[in-house]
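Q: here's my sequence, what's the structure:
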Amino acid sequence: MSEQIEQAERGVGEFTLTGPLTTAPPAGYTAPEPDEKWPLRGGFAHVYYGDRNQGLVRPVIMADGFNLGKSDLAWLYAGLDRDYPFPTELRRRGRDIILVGFDERSASILDNARTVTDAVLRTGAEQLGDARLTAGGFSMGGLVTRYALAKMEHERMDHRVGVYFSYDTPHRGAYIPIGLQAFAHFIPVPNNFARQMNSPAARQMLWRHYDAMTGQNGIAPERREFLRRLTEVGEWPRIPRLLALANGRGDGTGIAVPPGETVLKSERVYPGTTFYAQAQGREVTVAELKRRFPAAEKTITTGDLPEMDGAPGGTLRSYGILADALKKAGAQVDLRHEEICFVPTVSAVALRDLDQQKDLYANLADLAPDESEVDDFIWSSTTTPHTAVTEELGAWLLDRLAG
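A: The predicted structure is shown next:
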C-alpha cells in the first residue's frame, strides 16, 4: 500500500492549468483544414480564407495563449468556435483568419513576439489589396502581440495594423494562488505543473510568483524585466485602435469565494494538505502542504495581498484541475471552490493595478473611461471562464471589426 501511495504522490503533477481554448474539442467537432500553413520563426500559422476569398483580403491575425508545449491550432480553432461561432462568423463576413501558434507556448513573451512579427510581415506581403490588418490574441497571445506591434513601431517597421485587440489578456498581471504554485514544487519529482509555473512566460505574466528556491513570493525578476522592455518600446502600439475584452464582470461583483475559507483539502494522497482562499493581512496562511514520501510538511503564507481568489475576473478551474489530478491518484478530495479568478477584470481592460483591494473590486462603470490605456473595452455582464468566447463578447468584437 505504501508503495502505491508513494507512486500516487509522485505522479500527481502531470497536468497543467488550462482554459477553454486549450482543452479538447467537443466530441464530433472537426476544425476545418487551413488553406495555407506557414512555418514561422519560433512557431507557425494556419491560414483560413474568408468566404468567397481567393487569398488574403481582410486579414485578422490571432495569437495563441499560454500553456506548456507546442500550440495545437486545430484545438484553438475549435475553442474559438465552441460556444459562439466566432471564426465561422468572421469568415462569413469576408474576414481571413491567421492563427499564430508557438513551438513552445511557455517560452518568453519576448521570444514568441518574433513569431507574431513574422506573421504580421508575411500577412502584409501576401495580402491582396490594401485593407488595414487586425491583430490581437487571447490571454498571453494579446500580450505577445501588444509587445510585437509596439516593438515594430519603435523600430520604424510598418506593420499596417489598424486594429489591435486583446481577449482576457493579463495586461496588469494574472493570478495563480501562491499556495497552488508552491504545491507544484512540493511534489517530490520534476513534473509538468512545476515546469508550467516556473516557465519564462509564467514568471513574466504572473502578478505574484512563488520562488521555489527561496520559498518567497513576489514579483519575479523576469516580470520586472518584461515590464521594463515593454516600457522601452512605448508600452503599447500607437498606430492601431486598441480594443480589450474581459471575461469578468465590471460592476465590482466578484466570485463567491470567501477569503480565508478552505477551498480544497486532500486525504490519502498528500493527506491533510489544505488550501485556503487568499485573505488580507500580514501573515496569512494560504496552504498547509503535507506529504508522506519523503515525509515533509510546509506552511505557505502571504502578506499584504488583496482577496484575489474571489476578485471580479475571468475564471480558471485552478483548484478543480488539481482536485481532478488528486482524485485520479486515489485521493479523497473535499473541493469547495472549483473556480477562482485568473485574470482580474481591471487587468484585462488595463484600467487599474491589482495591488489594492479597492481597485481590484472597483465598480468600473464609476471610473472615467479614459483611465484605461485602451481606446474601447467591454467586460462581461456575468462571470465567465477565462478566454471563453461568449455571444456577448464575440458579437461586440465582430461589430468593431466590421469596418
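Q: please name the residues that touch the nearest residue to S347 once chain neighbours are set aside.
A: Distances taken as Cβ to Cβ, 6 or more residues apart in numbering place R172 nearest to S347, at 3.9 Å, with adjacent residues excluded. In short, each C-beta sits where N, CA and C put it, glycine included. Counting by Cβ atoms under 8 Å, 6 or more residues apart in numbering, R172 makes contact with W207, P344, V346, S347, A350, R352, D353, L354.
Q: can I get those in a markdown table with secondary structure, neighbour count and pLDDT?
A: Formatted as a markdown table, those follow (DSSP: H, G, I helix; E, B strand; the rest coil; neighbours: other Cβ atoms under 10 Å; pLDDT from 0 to 100):
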| residue | secondary structure | neighbour count | pLDDT |
| --- | --- | --- | --- |
| W207 | coil | 21 | 98 |
| P344 | strand | 30 | 98 |
| V346 | helix | 30 | 98 |
| S347 | helix | 29 | 98 |
| A350 | coil | 23 | 97 |
| R352 | coil | 21 | 94 |
| D353 | coil | 14 | 96 |
| L354 | coil | 23 | 97 |
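Q: and those, which two are furthest apart?
A: Pairwise distances across these peak at 13.6 Å for W207 and A350 (criterion: Cβ to Cβ).
Q: nearest to Y147, of the contacts of R172?
A: Distances from Y147 to the contacts of R172, taken by Cβ to Cβ, are shortest for A350, at 13.8 Å.
Q: wait, that closest one sits on E371?
A: No - contact criterion Cβ atoms under 8 Å: A350 and E371 do not qualify, at 9.1 Å.
Q: give me the number of residues near G215?
A: Residues near G215, counting by other Cβ atoms under 10 Å, number 12.
Q: per-residue pLDDT of it, please?
A: At G215, the model reports a pLDDT of 94.
Q: would Y84 count as being in a helix?
A: No - Y84: not assigned to a helix; according to DSSP: H, G, I helix; E, B strand; the rest coil it is coil.
Q: tell me how far it lies from C341.
A: From Y84 across to C341, the span is 22 Å (Cβ to Cβ, to the nearest Å).
Q: retrieve the pLDDT associated with the most centrally placed residue in the chain.
A: Taking Cα atoms, centre = their mean, the centroid of the chain lies closest to S139, which sits 3.8 Å from it. What the model reports for S139 is a pLDDT of 98.
Q: so which residues of the stretch 201-350 of the chain form helices?
A: Assigned by DSSP state H, counting those that start in this stretch, the helices in the stretch 201-350 of the chain fall at 221-232, 318-328, 345-348.
Q: top helix in the chain by residue count?
A: Taking DSSP state H as the criterion, the chain has its longest helix at helix 109-126.
Q: avg pLDDT for that helix?
A: Mean pLDDT, helix 109-126: 98.
Q: sorry, back to before: ramachandran coordinates for the residue nearest to the centre of the chain?
A: S139 adopts backbone torsions of phi 50, psi -120, taken as degrees, to the nearest 10.
Q: what's near enough to touch the residue lying closest to it once chain neighbours are set aside?
A: Among residues not flanking S139 along the chain, G65 sits closest, at 3.3 Å (Cβ to Cβ, 6+ apart). Shown in contact with G65 (Cβ under 8 Å, 6+ apart): G19, L21, T22, R105, G137, F138, S139, M140, G141, T387.
Q: could you rerun that using 7 Å?
A: G65 makes contact with L21, G137, F138, S139, M140, G141, T387 under the criterion Cβ atoms under 7 Å, 6 or more residues apart in numbering.
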